[in-house]
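[1] Next one to model:
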Amino acid sequence: MTIIVNLDVMLAKRKMKSNELSRRIGITEQNISILKTGRAKAIRLTTLNSICKELNCQPGDILEYINDDAE
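    Sure, this is the predicted structure:
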């Protein structure tokens, strides 16, 4: 099972840069980068809430589940 983070796609759709999002939601640009590259092992619901609020989207627009075990 794999969770894909499509934060970069949503940022592009909203024509927003990572540094602007990080400033608006109060987390570091490094943490935004970690999320965008899929290296994050977890995300706080409060952070996800803030991202969705700023990007005017749903959590499913940012997070995608891929079933690696499908045969």
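[2] now the strands for the protein?
    Ranges of strands in the chain, per DSSP state E, are 2-5, 63-66.
[3] Can you say which of those is packed in most?
    Of these, the one with the most neighbours on average (mean count of other Cβ atoms under 10 Å) is strand 2-5, at a mean of 12. Just so you know, the C-beta spots here come from the backbone N, C-alpha and C atoms, and that holds for glycine as well.
[4] Redo the strands of the chain as JSON lines? Include distance to residue 21 and mean pLDDT.
    Formatted as JSON lines, the strands of the chain follow (distance: least, Cβ to Cβ, whole Å; pLDDT from 0 to 100):
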{"stretch": "strand 2-5", "distance to residue 21": "13", "mean pLDDT": "92"}
{"stretch": "strand 63-66", "distance to residue 21": "16", "mean pLDDT": "93"}
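[5] Make JSON lines out of those and add distance to residue 41.
    As requested, these are exported to JSON lines (distance: least, Cβ to Cβ, whole Å):
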{"stretch": "strand 2-5", "distance to residue 41": "10"}
{"stretch": "strand 63-66", "distance to residue 41": "13"}
